[in-house]
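> no sequence on this one, just coordinates:
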């Protein structure tokens, strides 16, 4: 499974399991998850 596919599986709104635990279970470094979302937010702000 690619990093992109793993990122899509993480659900920050899930209250039963934290983002940190979801990343750990998927083998996705948490920093990769947060870095991806930060860059997406910045890209969206620039394109508006």
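Ah, there it is. Computed from a predicted structure; not experimentally measured.
> what's near enough to touch the spatially most central residue of the chain?
Closest to where the C-alpha atoms of the chain average out (Cα atoms, centre = their mean) is residue 33, at 3.3 Å. With contact set as Cβ atoms under 8 Å, 6 or more residues apart in numbering, residue 33 has these partners: 7, 10, 19, 23. For every residue, glycine as well, the C-beta is placed using N, CA and C.
> ok, so what distance separates it from residue 17?
14 Å (Cβ to Cβ, to the nearest Å).
> With residue 5 instead?
Residue 5 is 18 Å from residue 17, by Cβ to Cβ.
> Kindly report the same for residue 4.
Distance of residue 4 to residue 17, given as Cβ to Cβ: 21 Å.
> the more surrounded of these two?
When residue 4 and residue 17 are compared for neighbours, residue 17 comes out ahead with 12 against 8, by other Cβ atoms under 10 Å.
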